[in-house]
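Engineer: Below: sequence and its predicted model.
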Amino acid sequence: MVPVNDLIKAAQGGSREAFEELVQLYQDRVFTHCSHLANHNFDAQDLAQDVFVQAFRNIRSFRQEADFGTWLHRIAINLWINYCRKNKKAIVLSLDEPLLMGDSELSRELAATQDSPLQVLERAELEDLLKRALDRIHPDYKTALVLREMEGYSYEEIASLVGCSLGTVKSRLNRGRKALLKELKPR
């Protein structure tokens, strides 16, 4: 296996094959990160694709001062923030939500798991509730919460990823938690 730094240098030199290998190495991490931000599979797929398109266009500007995965996450965050700013008034509908049919609703069947059907249902409802609440808070707060609570980044790493001070990260996390709690309380 070729070391990542060698792949980066080759991609910076114009090797499409090297860049394709980088995509294969990082695509799962990037998609997971994008799905945490976007919450909807198709939006996450589009965002992940846009991340790699932008990375391909700007690979020569990558200075290898940070981890390549961190650089890709930074691109994802910036693209997501720009998307949110452009679409403030957009109504987002999930194709995964149950379809209302008169007085009842149709939903997808759940795959068999080790948990009981009730536990699976409760977890799915909780995850859905949390995702909906995250969608209703300010994108800066959502980004900070996703990076900290779902992705496990440190405060310093978040500050570097989003390009703000450590104090701003702490403030966004605090405000984000309060906003999230406010969204969850009525439910």
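Structural biologist: It's in. Numbering: from 1, shown residues only.
Engineer: just checking, Tyr83 touches Leu47?
Structural biologist: Yes. Judged on CB atoms under 8 Å, Tyr83 makes contact with Leu47 at a distance of 7.4 Å. Where you see a C-beta, it was placed from the backbone N, CA and C, and this is true even at glycine.
Engineer: So which of the two has more stuff around it?
Structural biologist: A count of neighbours by other CB atoms under 10 Å puts Leu47 above the other of Tyr83 and Leu47, at 22 against 17.
Engineer: Mind exporting the C-alpha coordinates of the helix or strand the more buried one falls within to CSV?
Structural biologist: Assigned by DSSP states H and E, Leu47 falls within helix 41-58. Taking Å, rounded to 0.1, in the frame of the first residue of the first chain, the C-alpha atoms of helix 41-58 are listed here in CSV:
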residue,chain,number,x,y,z
ASN,A,41,-28.8,10.4,2.7
PHE,A,42,-29.1,12.1,-0.7
ASP,A,43,-27.9,15.4,0.7
ALA,A,44,-25.0,13.6,2.4
GLN,A,45,-24.1,11.9,-0.9
ASP,A,46,-24.2,15.2,-2.8
LEU,A,47,-22.2,16.9,-0.1
ALA,A,48,-19.6,14.1,0.0
GLN,A,49,-19.3,14.2,-3.8
ASP,A,50,-18.9,18.0,-3.7
VAL,A,51,-16.1,17.6,-1.1
PHE,A,52,-14.1,15.4,-3.4
VAL,A,53,-14.7,17.6,-6.4
GLN,A,54,-13.4,20.6,-4.4
ALA,A,55,-10.5,18.6,-3.0
PHE,A,56,-9.6,17.5,-6.6
ARG,A,57,-9.7,21.1,-7.8
ASN,A,58,-7.6,22.4,-4.8
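Engineer: Now stretch 2-15: buried residues?
Structural biologist: 4, 7-8, 10-11 (16 or more other CB atoms under 10 Å).
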